[in-house]
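Student: with the sequence up front, the predicted model follows.
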Amino acid sequence: MSSASSQTVTDVRWSDAFSWWIIFRAAGRSFSPTIILLASLGTLGTWAGLSLADRIGLAGHNPALIVIAGDSVPDAGVFGLRPSQRAMPGVAALGMKLPGFLSDGVRLVSIPFSPTATTREMASAFARIGWVVLVWSIFGTAITRAVSLQLAGEESPGLFGSLGFGMGFWMSSFNSVIFVLLGMFALSIPGALLGLAMRTDIGLMLVGILWPVVLAGSLVLSILAIGVIVGWPLMVATVAVERGDSFQAISSSFSYLYQRPLHLFFYGTVALVVALPALVAVALFGDVTTSLAMWAASWGMGHDRTVEILTNLESTKGSLGMDLLLFWRQCIDGILQSFGVGYFWAVVTAFYLLLRRDVDGTELDEVVLEEASSATSA
C-alpha cells in the first residue's frame, strides 16, 4: 500500500463530534443558586396567579374536554376526534400516561381548543395560560439568559442582572405566543363560517363534501399549534440569547423545530437521562439537610420531645412554633420542586444553541452581548 493512499487522523475535535455534551454543562448550571432562586420565584408567581383564579371562581377543568391526554375517560363524541385511538392504540395509550405536571399542562392547553368547550371554560383556560406565559416570559427569559452567558464563558449576570434582563425583554417572549395565537384565530375564521352552514342538515351535507378541504386547511393550524406549544421555550431562548424580538423568536423556533425534529427528540432524550441523577442528587441534598437540622436540635430537645414535634409536623397541627417549622418545610419543598423547572429552562438553552448550530451553523458560544448591541446601534 502506498503512503499516498493511506491517511491518518491526527486531530479530532471532540466538541464537534459530541456537541450535545453541552446539555450536561447546562444541566450543571441548574444547580446554581441564581437559577434555583429564579425558578423558585417563577414557581411562586405561577402558583399565586392560578390560586387567585381559583378564588375568584374561574371555571376549572372539565374532563370531557380533554382530547389529547388525561386520566379520565371522555365522552364518546370526543373519541371521534382522536383517530389514533383506533389506528394506533399503543401510541395513544402513551399519551395517557404522561407525568403529572405534563399531563396538567396538556389538559390546560387542550381546553380552549376543544370543540365542546364553553365560552366560560375557554376564557378561564386562556386566562390561566396567559398568566403562566407571562410569568415565565420573565423568569424563563432570565434563566435562559444567565445559562447562555455561562455556557459561552461570559461572566454570570447574577440574580438581579438576570431578573433585570427578564423584566426588560419579557414582552418579546410573551408577544411571540400572542402573535401565533392571533394568526390561528384569523385562519379559523373560514372554518367558523362553514360552522354557521353546519347548523342545518343541508349545510352539514355540503360541508361534509368539502371536509377534506377543511382538513387540508387545518394542517396549517396544526403546524402553528404544535409550533407554539413545543416551540415556545425555544422562542424564550431566542430572545435571551439573541436579544431578539418576537418575530425573530417565532421564525427561529419554527425553523429549528420543523427542520430538525429528530435532533430535538434526541436532545430531549439525553436531557431526560441526565435529569434522573440530577433530581436524585437534589432530593438527597434536601433530605440530608432537613434531617441534620432536626438531628442537631434533637441533642437539646431529647428523644420524647423530638418524636412529639415530628409527629405534630406530619399532622400539621400544633402551636405557632410548629406552624413556623411547617412553613419552612414547605419552603424547602417548594425549592426542591422548583429545581425541575430551573433544570428545564437550563437544558432548553442548550437545545436552542444546538439546534441553531445544526440549522444555521452558528457556534455554540455565540451570544449577543449588551456591548455589541449598543455598539451596533451607535
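Tutor: In hand now; what should we look at?
Student: now the closest residue to Ile143 other than its chain neighbours: which helix or strand?
Tutor: The shortest distance from Ile143 to any non-neighbouring residue, by C-beta to C-beta, 6 or more residues apart in numbering, is to Trp345 (4.1 Å). Glycine gets a C-beta too; all of them are placed from N, C-alpha and C. Assigned by DSSP states H and E, Trp345 belongs to helix 320-360.
Student: and that helix, what other elements does it pack with?
Tutor: Other helices and strands packing on helix 320-360, by 3 or more C-beta pairs under 8 Å, 6 or more residues apart in numbering; DSSP states H and E, are helix 22-29, helix 33-55, helix 119-151, helix 201-242, helix 246-259, helix 261-301, helix 303-315.
Student: rank these by pLDDT, which is bottom?
Tutor: Lowest mean pLDDT within these: helix 303-315, a mean of 77.
Student: just the buried positions in that one, please.
Tutor: Using 16 or more other C-beta atoms under 10 Å as the test for burial, helix 303-315 gives Thr306, Ile309, Asn312.
Student: do stretch 168-182 as well
Tutor: Neighbour-count burial for stretch 168-182 [16+ other C-beta under 10 Å]: Phe169, Trp170, Met171, Ser172, Ser173, Phe174, Asn175, Ser176, Val177, Val180, Leu181.
Student: take the residues you listed and write them to a markdown table, including secondary structure.
Tutor: A markdown table is the format used below for the buried residues of stretch 168-182 (DSSP: H, G, I helix; E, B strand; the rest coil):
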| residue | secondary structure |
| --- | --- |
| Phe169 | helix |
| Trp170 | helix |
| Met171 | helix |
| Ser172 | helix |
| Ser173 | helix |
| Phe174 | helix |
| Asn175 | helix |
| Ser176 | helix |
| Val177 | helix |
| Val180 | helix |
| Leu181 | helix |
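Student: so which of these comes closest to Gly203?
Tutor: For the buried residues of stretch 168-182, the minimum distance to Gly203 (C-beta to C-beta) is 28.0 Å, reached by Leu181.
Student: how close does that closest one sit to Val133?
Tutor: Leu181 is 10 Å from Val133, where distance means C-beta to C-beta, to the nearest Å.
Student: what does Ala192 give?
Tutor: Ala192 is 24 Å from Val133, by C-beta to C-beta.
Student: please state the offset of stretch 263-272 from the chain centre?
Tutor: Using C-alpha atoms, centre = their mean, to the nearest Å, the mean C-alpha position of stretch 263-272 is found 14 Å from that of the whole chain.
Student: contacts for it, please.
Tutor: Outside of stretch 263-272, the residues within contact range by C-beta atoms under 8 Å, 6 or more residues apart in numbering are Trp20, Ile23, Ala27, Tyr256, Leu257, Val347, Ala350, Phe351, Leu354, Leu355, Asp358.
Student: could you flag which of those residues are buried?
Tutor: Buried by 16+ other C-beta under 10 Å: Ile23, Ala27, Tyr256, Leu257, Val347, Ala350, Phe351, Leu354, Leu355, Asp358, out of the contacts of stretch 263-272.
Student: what sits closest to the third one if chain neighbours are left out?
Tutor: Counting by C-beta to C-beta, 6+ apart, Leu355 is the residue found nearest to Tyr256 once chain neighbours are left out, at 3.8 Å.
Student: quick one: residues contacting Phe24.
Tutor: Counted by C-beta under 8 Å, 6+ apart, Phe24 has contacts Val274.
Student: nearest residue to Ile223 in space, please, no chain neighbours.
Tutor: Among residues not flanking Ile223 along the chain, Tyr258 sits closest, at 7.5 Å (C-beta to C-beta, 6+ apart).
Student: wait, the one you found touches Ser222, no?
Tutor: No. At 11.6 Å, Tyr258 and Ser222 do not qualify as touching, with contact defined as C-beta atoms under 8 Å.
Student: looking at the two, which is more packed in?
Tutor: The residue with more neighbours, out of Tyr258 and Ser222, is Tyr258; 14 against 11, by other C-beta atoms under 10 Å.
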